[in-house]
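K.L.:
coordinates only, sequence not included:
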């Protein structure tokens, strides 16, 4: 079992022009965040009822164990139908920079 090496801070801001999912022409979107191959539960935003342009402005901290192999998965779902609007996958990469010199 790998030990944590860091924390990824994720801020979910908003979505724009989501497709209509409800009979009445709206949507009830929320976002699910999960690290690929992580056994911890997903993190979720609040549901924005009847909104095709939701603004969440919600922040999450995700513990990183292996930045070279873990992907951050973001899925936007409709609350009533549990149908995904879309999925985003982000490859994590450890970027360490060392600067030496006079500043």
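P.N.:
Ah, there it is. As the structure is a computational prediction, the values presented were derived from the model and not from experiment. Numbering: from 1, shown residues only.
K.L.:
out of the helices and strands in this protein, which is least certain?
P.N.:
The weakest-scoring helix or strand in the chain, judged by mean pLDDT, DSSP states H and E, is strand 84-91 (a mean of 70).
K.L.:
residue boundaries of the strands in the chain?
P.N.:
Assigned strands in the chain, in chain order: 6-14, 29-35, 43-44, 55-64, 71-78, 84-91 (criterion: DSSP state E).
K.L.:
other SSEs contacting the third one?
P.N.:
To tie it back to what came earlier, the one meant is strand 43-44. strand 29-35 (3 or more CB pairs under 8 Å, 6 or more residues apart in numbering; DSSP states H and E). (C-beta placed from N, C-alpha, C; glycine too.)
K.L.:
what comes into contact with the strand it packs on?
P.N.:
Strand 29-35 has contacts (CB atoms under 8 Å, 6 or more residues apart in numbering) with 10, 12, 15, 18, 42-48, 51, 54, 56, 60, 62, 64, 70-79, 85.
K.L.:
now it and strand 71-78, what's the angle there?
P.N.:
On the basis of axes from the mean of the first three to the mean of the last three CA atoms, to 10 degrees, strand 29-35 is oriented at 160 degrees to strand 71-78.
K.L.:
what pLDDT does residue 39 get?
P.N.:
Per-residue confidence at residue 39 stands at 82 (pLDDT).
K.L.:
low pLDDT regions in the protein?
P.N.:
Regions of the chain meeting the criterion pLDDT under 70 cover residues 1, 22, 82-84, 86, 91-103.
K.L.:
so the closest residue to residue 61 other than its chain neighbours versus residue 53, what's the distance?
P.N.:
Leaving aside its chain neighbours, residue 61 sits nearest to residue 7 (5.1 Å; criterion: CB to CB, 6 or more residues apart in numbering). Taking CB to CB, to the nearest Å as the criterion, residue 7 is separated from residue 53 by 30 Å.
K.L.:
please consider this matter closed, and thank you.
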